[in-house]
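> show me the folded form of this:
(2 chains)
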There are 2 protein chains.
Amino acid sequence: MTITGEALIGGHAVRGNGGSFQAFDPSTRAPIEPAFHMVDAGQIDEACRLAEAAFDPFRATSNEARATFLETIAAQILELGDELIVRAMTESGLPRARLEGERGRTMGQLKLFADLLREGSWADVRIDSALPDRQPLPRPDLRLRMIGLGPVAVFAASNFPLAFSVAGGDTAAALAAGCPVVLKAHSAHPGTSELVARAVVKAIELCKLPAGVFALLTGTGNGIGQGLVAHPSIKAVGFTGSRSGGQALMGVAAARAQPIPVYAEMSSINPFFLMPEALAARGEQIATAFAASMTMGVGQFCTNPGLVLGLKGPEFDRFAEKAAQALSSIEAGTMLTAGIASAYQSGVHKLAQHEAVDALKEATHTEGKGGPALFRTSGKAFLTEQALHGEIFGPASLLVACDSVDEMRAITESLEGQLTATVQMDEGDTELVRALLPVLERKVGRILANGMPTGVEVSTAMVHGGPFPATSDGRSSSVGTAAIQRFLRPVCYQNLAQSLLPDVLRDDNEGVWRRRDGALTKA
Amino acid sequence: MTITGEALIGGHAVRGNGGSFQAFDPSTRAPIEPAFHMVDAGQIDEACRLAEAAFDPFRATSNEARATFLETIAAQILELGDELIVRAMTESGLPRARLEGERGRTMGQLKLFADLLREGSWADVRIDSALPDRQPLPRPDLRLRMIGLGPVAVFAASNFPLAFSVAGGDTAAALAAGCPVVLKAHSAHPGTSELVARAVVKAIELCKLPAGVFALLTGTGNGIGQGLVAHPSIKAVGFTGSRSGGQALMGVAAARAQPIPVYAEMSSINPFFLMPEALAARGEQIATAFAASMTMGVGQFCTNPGLVLGLKGPEFDRFAEKAAQALSSIEAGTMLTAGIASAYQSGVHKLAQHEAVDALKEATHTEGKGGPALFRTSGKAFLTEQALHGEIFGPASLLVACDSVDEMRAITESLEGQLTATVQMDEGDTELVRALLPVLERKVGRILANGMPTGVEVSTAMVHGGPFPATSDGRSSSVGTAAIQRFLRPVCYQNLAQSLLPDVLRDDNEGVWRRRDGALTKA
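From the prediction side, this is the model:
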């Protein structure tokens, strides 16, 4: 398939009216052909209006029809063949195995939502039967179901060019919910985006759905995204990126005549706790696994462990030494974009200069690359220096040597919201962990024992989310089937005739889980 | 029980440090004893800090313990006896029967949430079993449950001094979710608020819960509410009131260092559709019922029908005539506050002056009272004049004579978000309603056929919510068991030992609904 540098609006390739830009190969720092044409305000408007017009017919499709659509997208992505993998490698600097795995995950996500649709209980059907003889007043027949919020603006993420981009998690969840998607491509991988978008458009044709169900908008800078979020046809936003970018979109969404929900995944340092018994028994083993986790994908995972908490002492020192040693054999890797690499380099430089911080492993990196870096500070310094709490996106981590368990707890209380917290523990640590758990529950979306936070399972029980600033809305997950809920709202039907009720609410729609007079049943 | 005019913080009556005010009897416009003492910033801070400290122990209580607590609150409210009813009558101008009914509803809500807690599935338990042999990577054990967001600021509503005030819907939902509540009393009924708050504090004592689980803050003006929403210990807000008040709190919440969700129910004109066959067959009968609905409680219900849409013609004229006639026999009633009465009087005056509007029934009202008012305009005028779309809180409604079904649909599309839409229909109207339903689903939280929107059932399938500006967050309901979800967020536990898992996630906690590997089961 030829990459033309066009946007996709209304099922057609459309040359953007707003100037052009090129993608860069981060490993060679050379521009890649062809030029991409940026959409202008009129083209954003057209895409959003088409999405709005497509919303009613699209959400009226059956669960089976939308499940088939999601599976068709997955099949069409596979159809793109090696061209997709090669283009994504060139644009992202990520290796083939990672991108092939990510393609598998992307297809798996689409199929998981197809299964969810076929199972049907996502609509949260509730039926309260009429009680015509109740005193003092009769009860009407009341039936609730969830429907989609409306067209969703999804922003592709730089660090997952497939699984959190054009046909990634937010897109799959929104389409499953019956919401059209207007996708803002990431300017770091516009060719990858165009290829996947063409696969989605092909699936729309094959499934005979309205063309407005999906659009791809291409461009650089903040104007397109802000224009998209401000558009009155857009009813929700999915975003993965920087804290400043996410907060800017939150501001635009809140300032609209009709404010809309924003699901922005932004910033997390993913605290990693070394409990005393585990540290004593297997500190060096943990250090090796930790070094591998924090440098995986050149540290560019949202769940990268950027903060390690333990009790100071010889065991902690050995952990630090072993981790630094493991990191020293790991070379600097090409980062996703020149901007990310330079932000990383300046972040670690700044941390190394901090008077309360010792550098255990200095980052050695050249242009466009990021080398692993390990720092150490005291619990006291961490508590007083807010500058040490920020995320450095890349393969860097800060070890915090705590004076006591109480200090470790105080530090945990001082943290902002996080995606994950990992506890390395042995049986003798159980009571310490038990005391820490309530704090962790308040701070994070996922609590792990004895694993590594990198690597996010796509399943029913996953939560990839957390209190602000990990995300803009801690009530939601961006990964797993729970993500469909972010794009839904409830509607209640009172005393409607069976013939007017949506299928899922009719008496004869047995076999799908429903809550009847408060009790779950399939009958 | 003596009303002392004090706040309740930490389980104790505390005299506010911030000046005093008195309640007014809206029917006599005379002040009522005693004086109420307004809390100052330090007292707000104390209440919020105590709530934060109480959050972990409170949410750790069992479902049974919190169910008993809610039932104890209900019992303690009943214990207040007639003093509560008399005080509420004096402060609100509402009649005894209404307030006795509202007390019953308030107690019923608390008991409904108690039942929900005992049933247990509100925690949305999901368990994905470990797959240690999966290729290429094993799957960890993943378990999800919902937990409370944290301390909730609840604002009492003027129009439901019991059911949406101190121990009203938001308070019941928040306490059920394990969230402490800091309650901002409404200055229109501070004595009623103090009595109910003392019942809640008594229930806390009887159930041996932390005193910080509940506080009552007393005062007038916007400062206390804004200070409360800005406080870092507060993690969510429940509000029922004016659009300007709700939007001000949304602004405060969004401007915090950590933004928090706001559930503000604000403004709704609740469109009421007269479909042609129903209008022809029983227009006069509908008119009589409509007049009763729009004047119920002096029109001070959130779901009051403020907009009537029908096709112009003799049937519509007869409906208008009959409705005006029915209204002419209904006297002006005492409104909740002098402010509400004067806003109503100026609202109907302004509408009567509008050049595109005819007054079918002029409001006759004296100081503090609101008389029913009925207006009429054309579909064309309604479409072009945004001034006709606003809510007039009180017993007023605007009839819109549409040229065609298409114009009626266009008007529906032009509406802002609403709590309800009511369709008066007969069998021959079915296809017209079917075509209108998708638009209504996008615009409102509850769609009724052949009923009146006033009167909100408190049950499992109820939705009392809707897109902005009906509420600030159309993903949520403030009435019924679905309301617990507004104060919850998901947490995932990965590979935690059984002994560390919360009870509800343990393998041996059978009998409560859970989603195991995607499928609902009690096993």
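> can you tell me the closest non-neighbouring residue to A:Pro34?
Nearest residue to A:Pro34 in three dimensions, chain neighbours excluded: A:Gly5, at 4.6 Å (CB to CB, 6 or more residues apart in numbering or on different chains). Every C-beta, even on glycine, is put in place using the N, C-alpha and C of the backbone.
> the helix or strand A:Val439 falls within near chain B anywhere?
Applying DSSP states H and E as the criterion places A:Val439 in helix A:430-443. Yes. Judged by CB under 8 Å from any CB of the partner chain, helix A:430-443 comes into contact with chain B through A:Thr430, A:Val433, A:Arg434, A:Leu437, A:Pro438, A:Glu441, A:Arg442.
> next up, the contacts around the residue nearest to A:Pro34.
A:Arg15, A:Ser20, A:Pro34, A:Ala35, A:Phe36, A:His37, A:Pro190, A:Glu194, A:Thr218 (CB atoms under 8 Å, 6 or more residues apart in numbering or on different chains).
> for chain B, state which of the residues of helix A:430-443 next to chain B is nearest.
A:Pro438 (4.5 Å; CB to the nearest CB).
> what residues are up against that closest one?
Contacts of A:Pro438 by CB under 8 Å, 6+ apart are B:Asp56, B:Ala60.
> try A:Ala324
When contacts are counted by CB under 8 Å, 6+ apart, A:Ala324 touches A:Leu360, A:Lys361, A:Leu374.
> from those residues, list the ones also adjacent to chain B.
Near chain B, taking CB under 8 Å from any CB as the test, no member of the contacts of A:Ala324 is found.
> highest neighbour count among those residues?
A:Leu374 (27 neighbours; other CB atoms under 10 Å in any protein chain shown).
> now do stretch A:288-306: distance to the chain's middle.
In terms of CA atoms, centre = their mean, to the nearest Å, the centre of stretch A:288-306 is found 17 Å from the chain centre.
> one step back: any quick ChimeraX command for the buried ones out of the contacts of A:Gly5?
ChimeraX command restricting the contacts of A:Gly5 to the buried ones, with burial defined by 16 or more other CB atoms under 10 Å in any protein chain shown:
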select /A:34,35,36,37,190,194,218
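> show me the contacts of A:Gly5 that map onto helices.
Members of the contacts of A:Gly5 lying in helices (criterion: DSSP state H): A:Pro190, A:Glu194.
> how far off centre is stretch A:109-128?
21 Å.
> can you list the buried residues in that stretch?
By neighbour count on 16+ other CB under 10 Å, the buried set for stretch A:109-128 is A:109-114, A:116-117, A:119-128.
> that one - what's its average pLDDT?
The average of the pLDDT scores along stretch A:109-128 is 97.
> that stretch: end-to-end distance?
Terminal residues of stretch A:109-128 are spaced 34 Å apart (CA to CA, to the nearest Å).
> stretch A:120-135 now?
Start and end residues of stretch A:120-135 are separated by 35 Å (CA to CA).
> could you do stretch A:261-271 as well?
So stretch A:261-271: terminal residues 28 Å apart, CA to CA.
> out of the contacts of A:Gly5, list just those in strands.
A:Ser20, A:Pro34, A:Ala35, A:Phe36, A:His37 (DSSP state E).
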